[in-house]
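> Need coordinates for the following:
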Amino acid sequence: MTKAALYDVIRKPIITEKATMASENGAVVFEVAIDSNKPQIKEAVEAVFGVKVKAVNTTITKGKAKRFRGQLGKRKDVKKAYVTLEEGNTIDVTSGL
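Predicted coordinates:
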């Protein structure tokens with residue numbers, strides 16, 4: 001994959017309380033492209049960050065229906081990837097890419 005394609009798979013890191021708790025167990029959480037699959041996510045994380053990936057778990061959060069200025073709208077669906085790293089590998093998501 002080209003470098004641009006790798007960054008199309010990995011959108012951004014997710015920094016929440018739950019993601020911070022996961023990082024204590026050697027996992028990092030990313031928002032990824034909705035059509036990406038686990039092997040693509042693994043390849044992208046290994047290429048961009050130079051780490052060894054042990055496992056990738058994904059989840060899709062369905063977008064909520066919300067009102068905006070009286071009009072009914074819908075938030076986008078979001079796919080998250082919980083990337084578990086091999087022992088000794090770390091990714092610091094607080095510093096930029």
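> Now stretch 63-73: buried residues?
Burial within stretch 63-73, assessed by neighbour count using 16 or more other CB atoms under 10 Å, is assigned to no residue. C-beta here means a position set from N, CA and C on the backbone, and glycine is covered the same way.
> Contacts for it, please.
74, 75, 76, 77, 78 (CB atoms under 8 Å, 6 or more residues apart in numbering).
> out of these, who has the most neighbours?
Neighbour counts for the contacts of stretch 63-73, by other CB atoms under 10 Å, peak at residue 78, which reaches 15 neighbours.
> residues contacting the nearest residue to that one once chain neighbours are set aside?
Counting by CB to CB, 6 or more residues apart in numbering, the nearest residue to residue 78 once its immediate chain neighbours are dropped is residue 61, at 4.8 Å. The contact partners of residue 61, taken as CB under 8 Å, 6+ apart, are 77, 78, 79, 80.
> Do I have it right that residue 82 meets residue 58?
Yes. With contact defined as CB atoms under 8 Å, residue 82 counts as touching residue 58 (7.4 Å).
> quick one: which of these two has more around it?
For residue 82 versus residue 58, neighbours defined as other CB under 10 Å are more numerous around residue 82 (19 against 15).
> Tell me the spacing between the more buried one and residue 70.
Taking CB to CB, to the nearest Å as the criterion, residue 82 is separated from residue 70 by 37 Å.
> And the pLDDT for the most centrally placed residue in the chain?
Among the residues of the chain, residue 30 comes closest to the average C-alpha position under CA atoms, centre = their mean, at 1.6 Å. The confidence metric pLDDT takes the value 94 at residue 30.
> partner strands of the helix or strand containing it, parallel or antiparallel?
When elements are defined using DSSP states H and E, residue 30 is found to belong to strand 27-32. According to DSSP bridges, strand 27-32 has the following sheet partners: strand 10-13 (antiparallel), strand 78-85 (antiparallel).
> So for that strand, what gets flagged as buried?
27, 28, 29, 30, 32.
> Distance-wise, check the residue nearest to residue 78 relative to residue 84.
As it turns out, when the distance is counted by CB to CB, residue 61 lies 19 Å from residue 84.
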